[in-house]
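Chemist: pasting the structure only:
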């Protein structure tokens, strides 16, 4: 997810673009990346709701990027001079990050509500005849059928090696046809020897 804001009040004459996004893989890395003339000066600067150490996981995983050419870097180029403009920038970034976090949490709450409604609807329809779930392998691009209740949540990244049917667990296996399950299932029971 990406969102752009403009900081006003920091610079009277021009708007400053700030980009916020979520880092879903490494949530421990969060904060604002502050650049000056395309050079990273401050990394993971915590602002707004990220400063709260009350144990709440507020603002965790949010990364912001801002080009601060209007601020003056310190002599060692590892910080900015602590001026009024710098303090106003951090304050404005905190407000914008809070707005972004509120938007993200509201969106997640709406998604959870929709998922709960969908789950209720699917529970009602579970008794009806449901066909197999079709997934496409990301490596060989072949379509494979999976029993409809095999996955609680359909995986985003899927390949043939994850197929519960050993017959189609390899990319070299031919693509499945859309025949009915009764036609694919033998009419006799196979006896398997355990090794």
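Modeler: That came in fine, so what should we check first? Quick caveat: nothing in here was measured; it's all calculated off a predicted structure.
Chemist: which stretches in the protein count as helices?
Modeler: 84-125, 181-184 (DSSP state H).
Chemist: so which of those is the most packed in?
Modeler: The highest average neighbour count among the helices of the chain, using mean count of other Cβ atoms under 10 Å, belongs to helix 84-125 at a mean of 14. All C-beta spots, glycine's among them, are computed from the backbone N, C-alpha and C.
Chemist: okay, the residue nearest the centre of the chain: pLDDT?
Modeler: In the chain, the residue lying closest to the centroid (Cα atoms, centre = their mean) is residue 24, at 4.8 Å. What the model reports for residue 24 is a pLDDT of 75.
Chemist: which ones are touching it?
Modeler: Counting by Cβ atoms under 8 Å, 6 or more residues apart in numbering, residue 24 touches residue 61.
Chemist: state the distance from it to residue 145.
Modeler: 29 Å (Cβ to Cβ, to the nearest Å).
Chemist: next one: residue 136
Modeler: In this view, residue 136 and residue 145 are 11 Å apart by Cβ to Cβ.
Chemist: and those two? which has more neighbours close in?
Modeler: Comparing residue 136 with residue 145 by other Cβ atoms under 10 Å, the one with more neighbours is residue 145, at 20 against 14.
Chemist: excluding chain neighbours, what is closest to the more buried one?
Modeler: Excluding the flanking residues, the one nearest residue 145 by Cβ to Cβ, 6 or more residues apart in numbering is residue 132, at 3.8 Å.
Chemist: these two touch, right, that neighbour and residue 148?
Modeler: Yes. Using Cβ atoms under 8 Å, residue 132 makes contact with residue 148 at a distance of 6.1 Å.
Chemist: what stretches of this protein score poorly on pLDDT?
Modeler: Applying pLDDT under 70 to the chain flags the ranges 1-13, 53-56, 118-130, 178-195.
Chemist: quick one, strands of it?
Modeler: In the chain, the strands defined using DSSP state E lie at 2-7, 16-22, 31-36, 39-45, 62-67, 133-136, 143-146.
Chemist: picking up where we left off before, among the helices of the chain, which is nearest residue 37?
Modeler: Residue 37 lies closest to helix 84-125 among the helices of the chain, at 15.7 Å (Cβ to Cβ).
Chemist: quick one: distance of the closest one to the chain centre.
Modeler: Its chain's C-alpha centre and that of helix 84-125 lie 12 Å apart, by Cα atoms, centre = their mean, to the nearest Å.
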